[in-house]
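Undergrad: From the sequence below, what's the structure:
(chains A and B)
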Number of protein chains: 2
Amino acid sequence: MGHENKKIMGSLVPVSVRGVYIAETAGGAFAPVVLLEDENSRIVPIFVGLSEAMSIHNALSGEVTPRPMTHDLFISIMESLNARITKALIDDLDEGVFYARITIGFNSVEHEIDARPSDCVALALRSKASIHMREEVISGSCVDKSDLENLMNIEAYL
Amino acid sequence: MGHENKKIMGSLVPVSVRGVYIAETAGGAFAPVVLLEDENSRIVPIFVGLSEAMSIHNALSGEVTPRPMTHDLFISIMESLNARITKALIDDLDEGVFYARITIGFNSVEHEIDARPSDCVALALRSKASIHMREEVISGSCVDKSDLENLMNIEAYL
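TA: Numbers count the residues shown, from 1 in each chain, chains lettered A, B, ... in the order given. Now for the predicted structure:
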């Protein structure tokens, strides 16, 4: 494998959060899925837990719950410590599980911490932090538009 | 109202987490509930979300999930910043909603932040931080032992 190829595989691509939906799984069950989209309109679906899905949906829609949800509390605590979530990176996919890390900026030092993509997305949206995916992960997990036709709006499901 | 009475109403009572269960609600639905117990064996049930219930259950049982759950990530970030959750306080009950706050110790300063009891309990257990309830809240919400007879083990429910 040449150097250039390695470099491409290792590159980090900015992604935006297209939305949170409910998908019917192969087994006929329903599961929340967050769709990430890169600048070339490639879409990566990541299955997430229901509470994480709701948290991401609230962040996207700007909905404020009467009591602070877990990720909101997270942000309040970061603010009280003058720490900030600066970026999120989804950088591996292994046996169907996406791996990610979140970066906390504090006192001009950055701390990178192992996390699930769902927490990363929920926190990054609240902090207006960038979200990147490794090119290799996008190319290995992006789907055809036709795969997205049967997604349901999460609001209709709740 | 005399000063002594006020003082008693305002006192803070240490509580421990007796467990997480599933309760059948008046409407016939099932909802997770965490039971807090004070030194006089008074029990306060607090209804919580399912993911918060699982998080509290994992903390109680010492179960480690393959990937970090949201509260685990929270603790990792606190550790990376040398901050620590020092205490949790459930100090109000209004129209059936419990109000709480979590205290973060950092650089010899304590920051108190508005939070839900479920997040407070999930984080306090992971940090071995104390949990207190205001006496007035305990006396206004504790239940008879007979009210707890139909609770189900959360593991059986999952």
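Undergrad: need the contact list for residue A:66.
TA: If a contact means C-beta atoms under 8 Å, 6 or more residues apart in numbering or on different chains, then residue A:66 has residue B:97 as its contacts. All C-beta spots, glycine's among them, are computed from the backbone N, C-alpha and C.
Undergrad: Tell me the secondary structure at it.
TA: Recorded secondary structure, residue A:66: coil (DSSP: H, G, I helix; E, B strand; the rest coil).
Undergrad: Distance of the one residue sitting closest to the centre of chain A relative to chain B?
TA: Most central residue of chain A, judged by C-alpha distance to the mean C-alpha position with C-alpha atoms, centre = their mean, is residue A:121 at 3.5 Å. Summarising the geometry, the distance separating residue A:121 from chain B, computed by C-beta to the nearest C-beta, to the nearest Å, is 12 Å.
Undergrad: For chain A, just list every one of the strands.
TA: Under the criterion DSSP state E, chain A contains strands at A:12-24, A:30-38, A:43-47, A:84-94, A:97-106, A:109-115, A:130-134, A:152-153.
Undergrad: for the first one, packing partners?
TA: Using 3 or more C-beta pairs under 8 Å, 6 or more residues apart in numbering or on different chains; DSSP states H and E as the contact criterion, the elements in contact with strand A:12-24 are strand A:30-38, strand A:43-47, helix A:50-61, strand A:84-94, strand A:130-134, helix A:135-141, strand A:152-153, helix A:154-157.
Undergrad: Which of these sits closest to chain B?
TA: Closest approach to chain B among those (C-beta to the nearest C-beta): helix A:50-61, 3.9 Å.
Undergrad: Which secondary structure elements does the closest one sit against?
TA: In this structure, helix A:50-61 packs against strand A:12-24, strand A:30-38, helix A:70-80, helix A:117-127, helix A:154-157, helix B:50-61, with contacts taken as 3+ C-beta pairs under 8 Å, 6+ apart.
Undergrad: can we see that at 6 Å?
TA: Taking 3 or more C-beta pairs under 6 Å, 6 or more residues apart in numbering or on different chains; DSSP states H and E as the contact definition, the neighbouring helices and strands of helix A:50-61 are strand A:12-24, strand A:30-38, helix A:117-127.
Undergrad: ok, back up a step: and the helices and strands packed on strand A:12-24, which one averages the lowest pLDDT?
TA: Least confident of the helices and strands packed on strand A:12-24, judged by mean pLDDT, is helix A:154-157 with a mean of 80.
Undergrad: residues in contact with that helix?
TA: Contacts of helix A:154-157 from elsewhere in the structure, counted by C-beta atoms under 6 Å, 6 or more residues apart in numbering or on different chains, are A:20, A:21, A:22, A:57.
Undergrad: so what's residue A:12 closest to, chain neighbours aside?
TA: Taking C-beta to C-beta, 6 or more residues apart in numbering or on different chains as the measure, residue A:12 lies nearest to residue A:132, with 4.2 Å between them; neighbours along the chain are not counted.
Undergrad: Help me confirm that the one you found comes into contact with residue A:91.
TA: No. If you go by C-beta atoms under 6 Å, residue A:132 and residue A:91 don't touch, sitting 8.1 Å apart.
Undergrad: between the two, who's got more neighbours?
TA: For residue A:132 versus residue A:91, the count of surrounding residues by other C-beta atoms under 10 Å in any protein chain shown is larger for residue A:132: 20 against 17.
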